[in-house]
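K.L.:
Got a predicted structure here, sequence first:
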Amino acid sequence: MRVFADKKSGKTAEREELGKCLYYLRPGHTLVVPSLDQLGRSIQDLRPIVSGLR
């Protein structure tokens, strides 16, 4: 298990640790977030993230 945590608010789209996390993920890995609003603040923010996970 590896933990990635951004120190800044999720209000900005530029989050270094999220980028590292998404780069680290491989097929078969599981991404756990406390809630979807921690991953993205809007559907527009979430759409490219989820697309990249597929």
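P.N.:
Thanks, I have the structure now.
K.L.:
buried stuff in the helix or strand harbouring residue 19?
P.N.:
Taking DSSP states H and E as the definition, one finds residue 19 inside helix 16-24. Judged by neighbour count (16 or more other C-beta atoms under 10 Å), helix 16-24 contains these buried residues: 18, 21. Just so you know, the C-beta spots here come from the backbone N, C-alpha and C atoms, and that holds for glycine as well.
K.L.:
Just the buried positions in stretch 35-45, please.
P.N.:
If you call a residue buried by 16+ other C-beta under 10 Å, then stretch 35-45 has these buried ones: 39-40.
K.L.:
tell me the mean pLDDT over it?
P.N.:
Model confidence over stretch 35-45, given as mean pLDDT, is 88.
K.L.:
Straight-line length of it, end to end?
P.N.:
In stretch 35-45, first residue to last residue: 14 Å (C-alpha to C-alpha, to the nearest Å).
K.L.:
ok, now stretch 23-37?
P.N.:
Stretch 23-37: ends 20 Å apart by C-alpha to C-alpha.
K.L.:
roughly how far is the helix holding residue 19 from the heart of the chain?
P.N.:
7 Å (C-alpha atoms, centre = their mean, to the nearest Å).
K.L.:
Sounds good, over and out.
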